[in-house]
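Novice: Whatever this is, show me its structure:
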Amino acid sequence: MSTTTRKQSHHHGNLREALVEAGIALLEAGDAFSLRAVARQVGVSQTAPYRHFPDRSHLEAAMATTGFVRLRRRLEGVLAHPEPAASVLTGLAVATVRFAAENPALYTLMFSRYCGADDARLPASAEVFDLLQRAATRHFPGVDAHHLATAGWTMTHGLASLHLSGQLRAATPSELDDRVAGAFSAVLAAHP
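Specialist: Next comes the predicted model:
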């Protein structure tokens with residue numbers, strides 16, 4: 001996309017979204033990340049990002065929020081297919097770890113420090129947790145849904161973090177899926 005095209009789209013109210021997307025792209029590429037770098041990437045003045053974000057931490061919060069929205073949509077896709085309860089739980093875990101593997105810098109940012117009570121990622125994160133809790137309620141009616149959602153999210157985040165740090169090695173995405181599914185199967189099999 002040319003700079004001219006990008007600038008034209010910003011006259012229609014897309015600058016904030018373009019800045020967030022550019023920030024995510026720079027972050028995932030491992031490039032220098034700043035409001036100025038994001039402005040250059042989008043093709044706007046160095047002061048343009050400040051109309052939407054008072055500082056870098058607010059842009060990062062918006063990027064993390066976008067990550068949670070994308071993760072929620074991916075998990076909604078898993079829940080759209082009727083499966084046995086254990087398969088749903090495993091599918092949610094596999095989808096989350098795969099998301100982390102495909103978006104390692106964004107996933108890390110999603111769970112990094114918060115910039116205060118007004119951090120936009122907090123409600124976005126809560127929406128993901130609510131989705132997990134609703135799935136637990138629907139598929140495991142005899143179990144405390146809040147505790148199951150917490151345990152599932154914690155275990156999944158642990159597996160994703162282990163993978164991103166190189167401690168849960170997998171040569172292919174399919175192998176990673178199998179390792180995550182195997183971990184969840186082992187835990188579910190251990191339940192009386």
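Novice: Downstream of the helix ranked longest in the chain, the next helix or strand is which one?
Specialist: Longest helix of the chain, by residue count under DSSP state H: helix 56-79. The C-terminal neighbour of helix 56-79 among helices and strands, as given by DSSP states H and E, is helix 85-102.
Novice: contact partners of that next one?
Specialist: 70-71, 74-75, 77-79, 81, 83, 107, 132, 135-136, 139-140, 152, 155-157, 159-161, 163-164, 173, 176-177, 180-181, 183-185, 188 (CB atoms under 8 Å, 6 or more residues apart in numbering). From N, CA and C alone the C-beta is placed, and that goes for glycine too.
Novice: coming back round to it: just how off-centre is the longest helix of the chain within its chain?
Specialist: Put simply, helix 56-79 sits 5 Å off its chain's centre (CA atoms, centre = their mean, to the nearest Å).
Novice: buried sites along it?
Specialist: By 16 or more other CB atoms under 10 Å, the buried positions in helix 56-79 come out as 56, 58-68, 70-72, 74-75, 78-79.
Novice: That helix packs against which elements?
Specialist: helix 15-29, helix 35-42, helix 85-102, helix 104-110, helix 121-139 (3 or more CB pairs under 8 Å, 6 or more residues apart in numbering; DSSP states H and E).
Novice: Noted, bye for now.
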